[in-house]
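Enquirer: Fold the following for me, if possible:
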Amino acid sequence: MKKNLASILIVLLVAVGFCGFTTVVYGQADAGLISSFLNQAKSASDSQLGDIASELTGKVQSLAAAGGVSDAIKSKLDSTLKALTGGKDSAALTSAFGLVKSAKLTPEQLGLAKQVGNLASAYVVQKNFASLAGQQGDVATIVSSLRCGKVSDALPSLKNVAANAKLTDTQKHLITTIADKYAPGLNQAAGAFEGIKKLPGF
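Expert: Residues are numbered from 1 along each chain as shown. Okay, here's the model as predicted:
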């Protein structure tokens with residue numbers, strides 16, 4: 001009996017990931033896509049990418065395995081992983097964010113869909129902005145906040161990164177896409193503020 005209890009405790013401990021999220025879930029997601037994505041993420045020089053990828057695929061599997069999930073949702077999940085693996089980060093965000101717009105999601109499924117979007121965003125931010133000079137702190141805050149589902153904590157740092165004048169066009173597009181998802185109008189407001197500052201007397 002003690003042996004069985006110890007085994008159960010070990011399994012539970014192994015299954016608990018970052019912020020207490022369960023990452024070891026066996027669902028009906030495309031195993032080949034998951035494997036390819038995980039292998040690529042874990043072979044990256046940035047070890048955080050592998051960690052985030054594990055959390056993301058765990059949520060993908062959980063949502064795919066949830067009862068009554070439509071083929072359209074499973075297709076978006078597959079598209080998200082395909083796009084991330086293929087380096088098409090913008091397309092991945094579109095697919096991931098589209099999950100919460102799906103009709104007839106149960107509260108549990110909606111929660112999982114939001115977590116998939118949060119983790120996909122965290123992965124994209126870590127991959128594309130981790131080496132952004134002078135803003136590693138903001139990037140770390142965005143990533144850790146999204147991984148834990150504390151979206152409001154990420155907003156000030158999202159605004160700071162979006163205002164960086166040294167971003168490439170690709171980086172601008174990605175951070176704008178993420179900022180508009182979590183705080184619609186944030187970039188327009190920031191742009192308006194910058195415009196006001198340029199007026200005489202400001």
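Enquirer: switch to C-alpha atoms for all contacts and neighbour counts from now on
Expert: Will do.
Enquirer: which residue ranges form the helices in this structure?
Expert: Assigned by DSSP state H, the chain shows helices spanning 2-15, 31-42, 47-65, 71-85, 89-98, 107-129, 136-147, 151-162, 169-182, 186-197.
Enquirer: Go through stretch 121-130 and flag the buried ones.
Expert: Within stretch 121-130, the residues that count as buried by 16 or more other CA atoms under 10 Å are Ser121, Ala122, Tyr123, Val124, Val125, Gln126, Lys127, Phe129, Ala130.
Enquirer: same deal with stretch 36-52?
Expert: So for stretch 36-52, counting by 16+ other CA under 10 Å, buried means Phe37, Leu38, Ala41, Lys42, Gln48, Leu49, Gly50, Asp51, Ile52.
Enquirer: tell me the pLDDT at the closest residue to the fourth one other than its chain neighbours?
Expert: The one in question is Lys42. Nearest residue to Lys42 in three dimensions, chain neighbours excluded: Gly50, at 4.2 Å (CA to CA, 6 or more residues apart in numbering). If you check Gly50, the pLDDT there is 97.
Enquirer: ok, Gly50 touching Ala41?
Expert: Yes. Gly50 is in contact with Ala41 according to CA atoms under 8 Å; the separation is 4.7 Å.
Enquirer: From Phe37, how far off is the residue nearest to Lys42?
Expert: 9 Å (CA to CA, to the nearest Å).
Enquirer: Repeat that for Asn164.
Expert: For Asn164 relative to Phe37 (CA to CA), the value is 30 Å.
Enquirer: Same check on Lys88?
Expert: Lys88 is 12 Å from Phe37, by CA to CA.
Enquirer: With Ala66 instead?
Expert: Counting by CA to CA - Ala66 and Phe37 are separated by 21 Å.
Enquirer: cool, and Cys19?
Expert: 22 Å.
Enquirer: and the spatially closest residue to Lys114 that is not a sequence neighbour, what does it touch?
Expert: Closest residue to Lys114 apart from its sequence neighbours, by CA to CA, 6+ apart: Val100 at 6.4 Å. Residues near Val100 by CA atoms under 8 Å, 6 or more residues apart in numbering: Leu110, Ala113, Lys114.
Enquirer: okay if I get those residues as a markdown table plus neighbour count and pLDDT?
Expert: Listed next are those as a markdown table, based on neighbours: other CA atoms under 10 Å; pLDDT from 0 to 100:
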| residue | neighbour count | pLDDT |
| --- | --- | --- |
| Leu110 | 18 | 94 |
| Ala113 | 26 | 96 |
| Lys114 | 18 | 96 |
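Enquirer: Specify which member of these is nearest to Asp71.
Expert: Ala113 (14.3 Å; CA to CA).
Enquirer: if I pick the closest one, what's in contact with it?
Expert: Ala113 touches Leu63, Ala96, Leu99, Val100, counting by CA under 8 Å, 6+ apart.
Enquirer: And Val60, how far from Asp153?
Expert: Counting by CA to CA, the gap from Val60 to Asp153 is 24 Å.
Enquirer: who has more neighbours, those two?
Expert: Set Val60 next to Asp153 and count neighbours by other CA atoms under 10 Å: Val60 wins out with 30 against 15.
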